[in-house]
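**Student:** generate a structure from the sequence data that follows.
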Amino acid sequence: MDSLDSQLEMDLVIAVRDKDPDTAIIKRLSEKLHLRTINDLKQESLAFHELVIASGGDLGDQFEQMQALFKKLNDYVVTENPEIDSSERDKGTIKHRSPVIPDDFRCPISLELMKDPVIVSTGQTYERSCIQKWLDAGHKTCPKTQQTLLHTAITPNYVLKSLIALWCESNGVELPKKQGNKSKKPGCSVSDCDRASIDSLLEKLAKGSSDEQRAAAGELRLLAKRNADNRVCIADAGAIPLLVELLSSPDPRTQEHAVTALLNLSINESNKGAIVIAGAIPDIVEVLKNGSMEARENAAATLFSLSVVDENKVQIGAAGAIPALIKLLCEGTPRGKKDAATAIFNLSIYQGNKARAVRAGIVTPLMRLLKDAGSGMVDEALAILAILASHHEGKVAIAQAEAIPVLVEVIRTGFPRNRENAAAVLWSLCTGDLEQLKLARELGAEEALQELSENGTDRAKRKAGNVLELLQQIEDPASP
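**Tutor:** Numbers count the residues shown, from 1 in each chain. Below is the predicted model of the structure:
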């Protein structure tokens, strides 16, 4: 049960952090949070809309993160249950004859409800087709502000797009569908490349010069990042085995492109299996050990993506990934450390990998990160410690690292999720270990745990209560 709670925490962190998180993560969140149908999501949709109106659009970063997470859950439910979506929307939508479209949802050019809002360099948002026509006509200014555009790149406004979708759902308005390319081949709906161009890139991967291979791998990397259709078509064309071969390229940049392209392709569930079948795991681990820093970070992220499939956790651990991930956790960039921590956490769900992590020395760097509030890694360190503490070797190593003082301090002053994990680790350490229990009492754990048992999360209250029971037993040894 505690492992499931820890996994929920990490899934939430990943789902909020990543623009395009793994489908398996969203599925787990949907089930764990009981948001399985459109009806389940309906009240949240209405609450979001009311909050948008009440706040005047000034929602803050936290709400944007919540809203983005809700959109991902909503997209998953609609994709997995299209029949339920249609019927429930017909039954449950609040219908209005002529709802007033909020001004922020209208394109400044067409004044129509936006279906694909994008942001230009001035920060203004427009309907994609309208601003694209403006730019294609040679204009270099922002239509609304008349400011000169620093560049003509446009960026999807996912937050506003989701808010518009929620508003439409709440008001019974059907959002116009984007116009598709009717000439696309069945099963290969690619928005920004066609099969011929992909085949040309694969030809360069297979037979091109070193420079051509590097350029082709870089192009595939970008195409695979852009959308789901590209990921399907690139894999169907046979790119995965060729990219796996390039993981052994002596050219660092080619290697970076290859591992990152595989990372982007692995977002697709079917591609995960194809990547493993192509024998990629040992080569990805080799990149993790010896590649450039960017390649190592993206190799760690790729291993995490593949490890979502349970059987892959065993293979990745056996390939020697965990020591290399620990090394990246110690010396990587902030992003690299988070990628490493996320992969280590997910791999450690498999019992055999917990022992591998402990034997590879994971506890020492985790304790260092836990004690350094400025590292930005306290959440991850505690989540991993909580899952390792359920293993005997992990419990022994954490106790030897003299973790009790810092755990008590986190329980006393930390954020809710960290207090919860600290209490879980403390309970594991104190169960069956009188010395650890006495040390916790000497450090004032009882008062902090009492407060946590009253004001913490459900899991935190449970763990705090368990430790308090142990403390009560040593104070009253005569009790049964």
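
**Student:** any idea how far Glu286 is from Asn312?
**Tutor:** Separation of Asn312 from Glu286 (Cβ to Cβ, to the nearest Å) stands at 17 Å. Where C-beta positions appear, they are placed from N, C-alpha and C, glycine not excepted.

**Student:** compare those two and say which is more crowded by neighbours.
**Tutor:** Taking other Cβ atoms under 10 Å, Asn312 and Glu286 do not tie; Asn312 has more neighbours (21 against 17).

**Student:** and stretch 14-21, end to end?
**Tutor:** 7 Å (Cα to Cα, to the nearest Å).

**Student:** buried residues in that stretch, which are they?
**Tutor:** Residues Ile14, Ala15, Pro21 are the ones in stretch 14-21 that count as buried (16 or more other Cβ atoms under 10 Å).

**Student:** which secondary structure element is home to the first one?
**Tutor:** Put plainly, it is Ile14. For Ile14, the element it lies in under DSSP states H and E is helix 2-17.

**Student:** neighbours of Leu222, how many?
**Tutor:** Residues near Leu222, counting by other Cβ under 10 Å: 15.

**Student:** how near is it to Cys330?
**Tutor:** 31 Å.

**Student:** again with Leu243
**Tutor:** 28 Å.

**Student:** the more surrounded of these two?
**Tutor:** Leu243 (28 against 14).

**Student:** list the contacts for Lys72?
**Tutor:** Lys72 makes contact with Ala15, Pro21, Ile26, according to Cβ atoms under 8 Å, 6 or more residues apart in numbering.

**Student:** run the last query once more with 6 Å
**Tutor:** Shown in contact with Lys72 (Cβ atoms under 6 Å, 6 or more residues apart in numbering): Ile26.

**Student:** for it, give me the pLDDT.
**Tutor:** Note for Lys72: predicted pLDDT of 80.

**Student:** name the SS class of it, please.
**Tutor:** Following DSSP: H, G, I helix; E, B strand; the rest coil, the label given to Lys72 is helix.

**Student:** if we can go back for a sec, out of the buried residues of stretch 14-21, which is nearest to Arg412?
**Tutor:** Distances from Arg412 to these, taken as Cβ to Cβ, are shortest for Ile14 (28.0 Å).

**Student:** Three-state assignment for the closest residue to Lys144 other than its chain neighbours, please.
**Tutor:** Closest residue to Lys144 apart from its sequence neighbours, by Cβ to Cβ, 6 or more residues apart in numbering: Pro108 at 4.5 Å. When classified by three-state DSSP, Pro108 comes out as coil.

**Student:** ramachandran coordinates for Pro108?
**Tutor:** When quoted as degrees, to the nearest 10, the phi and psi of Pro108 stand at phi -60, psi -20.

**Student:** neighbours of it, how many?
**Tutor:** For Pro108, the tally of surrounding residues (other Cβ under 10 Å) stands at 17.

**Student:** gap between Leu388 and Leu347?
**Tutor:** Taken as Cβ to Cβ, the span from Leu388 to Leu347 is 11 Å.

**Student:** then Met367?
**Tutor:** 19 Å.

**Student:** ok, those two, which is more surrounded?
**Tutor:** A count of neighbours by other Cβ under 10 Å puts Leu347 above the other of Met367 and Leu347, at 24 against 18.

**Student:** thought that one was touching Ser307?
**Tutor:** Yes: between Leu347 and Ser307 there is a contact under Cβ atoms under 6 Å: 5.4 Å.

**Student:** need the residues touching each of these two.
**Tutor:** Joint contacts of Leu347 and Ser307 (Cβ under 6 Å, 6+ apart) are Lys313.

**Student:** where does the stretch 151-300 of the chain have low pLDDT?
**Tutor:** Applying pLDDT under 70 to the stretch 151-300 of the chain picks out residues 175-194.

**Student:** for the nearest residue to Tyr350 once chain neighbours are set aside, give me its contacts.
**Tutor:** Setting aside the residues directly before and after it, Tyr350 is nearest to Lys313 in space (Cβ to Cβ, 6+ apart), at 4.1 Å. By Cβ under 6 Å, 6+ apart, the residues touching Lys313 are Ser307, Leu347, Tyr350.

**Student:** again, 7 Å this time
**Tutor:** Applying Cβ atoms under 7 Å, 6 or more residues apart in numbering, we find Lys313 in contact with Ser307, Leu347, Ile349, Tyr350, Asn353.

**Student:** same check on Arg231?
**Tutor:** Shown in contact with Arg231 (Cβ under 7 Å, 6+ apart): Ala224, Asn264, Leu265, Ile267, Asn268, Asn271.

**Student:** name the residues of the host helix or strand of the last one that are buried.
**Tutor:** Pointing back at Asn271 there. Assigned by DSSP H and E, Asn271 falls within helix 269-277. For helix 269-277, burial by neighbour count (16+ other Cβ under 10 Å) applies to Asn271, Lys272, Ala274, Ile275, Val276.

**Student:** run through who's touching stretch 252-267.
**Tutor:** 20, 22, 213-214, 217-218, 220-221, 224-225, 231, 234-235, 240, 243, 246-247, 249, 271-272, 275, 280, 284, 287, 291-292, 294-295, 298-299, 301-302, 305-306.

**Student:** from Leu243, how far off is the closest residue in space to Arg412 that isn't next to it in sequence?
**Tutor:** Leaving aside its sequence neighbours, Arg412 sits nearest to Ala448 (Cβ to Cβ, 6+ apart; 4.2 Å). Distance of Ala448 to Leu243, given as Cβ to Cβ: 51 Å.

**Student:** go on, Leu288?
**Tutor:** In terms of Cβ to Cβ, Leu288 sits 16 Å off from Leu243.

**Student:** equivalent analysis for Pro117, please.
**Tutor:** Distance from Pro117 to Leu243, counting by Cβ to Cβ: 34 Å.

**Student:** give the full set of residues in contact with the residue nearest to Lys144.
**Tutor:** Gln124, Tyr126, Pro143, Lys144.

**Student:** and if you look at Arg28?
**Tutor:** By Cβ under 7 Å, 6+ apart, Arg28 lies in contact with Asp11.

**Student:** now with 8 Å, please.
**Tutor:** With contact set as Cβ under 8 Å, 6+ apart, Arg28 has these partners: Gln7, Leu8, Asp11.

**Student:** cool, thanks, signing off.
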